[in-house]
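K.L.:
I would like to see how this sequence folds:
(one chain, ligands or ions: 1)
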Amino acid sequence: MSGSMKLALVQLAVGAQKTANLSNARTKVVEAARMGANMVMLPECFNSPYGTQYFAQYAEDLRATESSESLRALSSMAKDSGVFLVGGTVPEKESTTGDLFNTCTVWNPQGEMVAKHRKIHLFDINFPGRMVFKESEVLKSGNEITEFSTPWGRFGLGICYDIRFPELAMIAARRGCVGMLYPGAFNTTTGPMHWELLLRARAMDNQIFAAACSPARDIEAGYQAWGHSTVVDPYARVIATTDEKQDIVYADLDFKLIQEVRKAIPIYTQRRFDVYPDVSA
Ligand SMILES: NC(=O)CCC(=O)C(=O)O
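P.N.:
Here you go, the predicted model:
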């Protein structure tokens, strides 16, 4: 838990053409690496529009890198740029069962997959007249907590709606993770209400970094992404953000802030596991 790292969030303009999305992602990952990024994150559904009608059409078998166009592209982006790559999410089709998942893969600078996270909490909400969405109509949920190691420390992963469930970040932090990373695609209804608040809450409660990467907003799309890809530090301060357009957000993560804030506000040693249970145990 020391040193510093440059994180880049690629707020990608995503369209209907998968090949064009992969090529645009590659250009932006290369650009971020040239700007000194050590780790780059792509958004939820970076290779397809976001919507229940699209998952089956864009889904790929992610069992092996070679069998998936998107995984081959992510592996080579990471390797050619020499970065850790949190590869947004890709609609996944489990070939034996036909089940669909919303899945994030993470790649090391050698182009090897080091983590795979299937969205655990599906986005089912009903905001009458404003936002109705039911991922569970087409997707199955993942059942595993995911973390991965880097030279700067371990990171936990969640996908978009997963951020609303504080347990994932709490468990990751108590197991020693230095940050939570969320490829996401909030919308223009819930984004202004909760996107930044949730990131700051996850960072504040756990005294870790928290970052979320959105697609850019496409005003022609059925689902209007909120954008505003954001990085928050262990004091729960927003240290980098943007608006709704295509952009790359850069943040230097200084890991000594974790010890600093935990020393100043020592909630870590003041917990009362004699009164309530430790969810990370
Ligand atoms: N893609 C998602 O999971 C969207 C989550 C969201 O918008 C929310 O409000 O939560």
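
K.L.:
Show me where the protein has its helices.
P.N.:
For the chain, helices defined by DSSP state H occupy the ranges 18-34, 55-58, 69-81, 166-174, 190, 196-206, 256-264.

K.L.:
The ones you listed into TSV, with extra columns for distance to the ligand?
P.N.:
Glycine gets a C-beta too; all of them are placed from N, C-alpha and C. TSV is the format used below for those (distance: least, CB to the nearest ligand atom, whole Å):
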stretch	distance to the ligand
helix 18-34	17
helix 55-58	12
helix 69-81	18
helix 166-174	13
helix 190	3
helix 196-206	8
helix 256-264	26
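
K.L.:
So for Lys245, which of those helices sits nearest?
P.N.:
helix 18-34 (13.0 Å; CB to CB).

K.L.:
Direction-wise, compare that closest one with helix 69-81 and give the angle.
P.N.:
In terms of direction (axes from the mean of the first three to the mean of the last three CA atoms, to 10 degrees), helix 18-34 departs from helix 69-81 by 20 degrees.

K.L.:
list the buried ones in helix 18-34?
P.N.:
Lys18, Asn21, Leu22, Asn24, Ala25, Arg26, Lys28, Val29, Ala32, Ala33 (16 or more other CB atoms under 10 Å).

K.L.:
just the residues you listed now: which is nearest Gly227?
P.N.:
Distance to Gly227 across the buried residues of helix 18-34 (CB to CB) is lowest for Lys28, with 14.6 Å.

K.L.:
pretty sure that closest one contacts Ser229?
P.N.:
No - judged on CB atoms under 8 Å, Lys28 makes no contact with Ser229 at a distance of 11.9 Å.

K.L.:
Show me which residues of the chain are close to the ligand?
P.N.:
Contacts of the chain with the ligand, taken as CB under 6 Å from any ligand atom, map to Glu44, Phe123, Cys160, Tyr161, Arg164, Ala185, Phe186, Asn187, Thr190, His194.

K.L.:
5 Å instead, please
P.N.:
With CB under 5 Å from any ligand atom as the criterion, the chain meets the ligand at residues Phe123, Cys160, Tyr161, Ala185, Phe186, Thr190.
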